[in-house]
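Engineer: Here is a sequence with its predicted model. Questions after.
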Amino acid sequence: MALRPDRKYTIGTDITCFMNETGEKGEVLVYSTGGSGVAMDDPNAVVTTPAADPSGQRIAGVLLNDVVNLDLTRQHINWHKDEVQLGGKVTLLRQGEITTNILASGETPSIGDPAYVGQTTLAAGGTAQGCVTNTAVTDTTVNEANPKYRVGTFKSTVDSDGYIRVEVNIT
């Protein structure tokens with residue numbers, strides 16, 4: 001589980017994007033390709049896990065669904081876990097507060113530190129995930145730390161279970 005249920009968001013969600021890879025709640029995602037216009041059903045509006053160096057990528061939001069790859073002829077989606085089938089529409093948080101354990105490994109941010117997009121690896125499967133980190137992203141195009149990679153602000157320190165509260169504000 002990557003998100004705890006104590007979330008706060010009222011107007012800060014986005015439901016316009018599809019995701020073509022498996023994912024876990026709490027991951028920070030970036031745009032792979034963009035849709036045009038409203039893009040509600042545009043198959044080009046796709047989000048993905050950020051690259052190891054997210055320089056040049058645009059933050060889409062924090063994933064609020066688990067994206068799974070199931071054989072739907074044998075079992076159904078578990079609606080109680082808020083699962084979405086691979087290739088389906090996902091909900092992204094752009095403004096609000098979450099408590100997540102998808103944090104760059106070995107980091108211990110302080111309250112009030114800025115949270116940036118990063119990439120970490122799950123120990124179990126070796127799968128790359130988008131995460132929050134307190135290490136600023138250096139934009140290679142302008143060769144400086146750039147606030148456009150900022151996800152939000154850390155609102156707590158890491159607890160004994162590895163969770164941290166983050167105020168998400170992606171503009």
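Structural biologist: Yep, it's here. Computed from a predicted model, the values in this text were never measured in an experiment. Numbering: from 1, shown residues only.
Engineer: By mean pLDDT, which helix or strand of this structure comes out lowest?
Structural biologist: None of the helices or strands of the chain scores lower by mean pLDDT, DSSP states H and E than strand 144-145, at a mean of 57.
Engineer: who's in contact with the closest residue to residue 12 other than its chain neighbours?
Structural biologist: Excluding its sequence neighbours, the residue lying closest to residue 12 (Cβ to Cβ, 6 or more residues apart in numbering) is residue 95, at 2.8 Å. For glycine as for every other residue, the C-beta is placed from the backbone atoms N, C-alpha and C. The contact partners of residue 95, taken as Cβ atoms under 8 Å, 6 or more residues apart in numbering, are 9, 11-12, 168-170.
Engineer: export the residues you listed to CSV and tack on pLDDT?
Structural biologist: Putting the contacts of residue 95 into CSV (pLDDT from 0 to 100) gives the following:
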residue, pLDDT
9, 74
11, 72
12, 83
168, 93
169, 91
170, 89
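Engineer: Just the buried ones from those residues?
Structural biologist: Among the contacts of residue 95, those classed as buried by 16 or more other Cβ atoms under 10 Å are 9, 12, 168, 170.
Engineer: which among the contacts of residue 95 gets closest to residue 138?
Structural biologist: residue 170 (19.2 Å; Cβ to Cβ).
Engineer: Contacts only, for that closest one.
Structural biologist: 59-61, 94-95, 151-152.
Engineer: Of these, which belong to strands?
Structural biologist: 59-61, 95, 151-152 (DSSP state E).
Engineer: How confident is the prediction for the residue most central in space within the chain, by pLDDT?
Structural biologist: The centroid of the chain falls nearest to residue 28 when counting by Cα atoms, centre = their mean (1.8 Å). Reading off the confidence values, residue 28 has pLDDT 91.
Engineer: which residues of the chain fall in strands?
Structural biologist: 13-19, 28-33, 46-48, 59-63, 66-68, 83-85, 89-93, 95-100, 114-121, 128-133, 138-139, 144-145, 150-154, 164-169.
Engineer: Packed most tightly, which of the ones you listed would that be?
Structural biologist: When the strands of the chain are scored by mean count of other Cβ atoms under 10 Å, the highest mean neighbour count falls to strand 59-63 (a mean of 28).
Engineer: model confidence over that one, on average?
Structural biologist: 92.
Engineer: Please work out which residues outside it touch it.
Structural biologist: 13-14, 17, 19, 23-31, 47, 90-94, 98, 100, 117, 148-149, 151, 168, 170.
Engineer: strands paired with it, and their directions?
Structural biologist: Within its sheet, and counting by DSSP bridges, strand 59-63 is paired with strand 28-33 (antiparallel), strand 89-93 (antiparallel).
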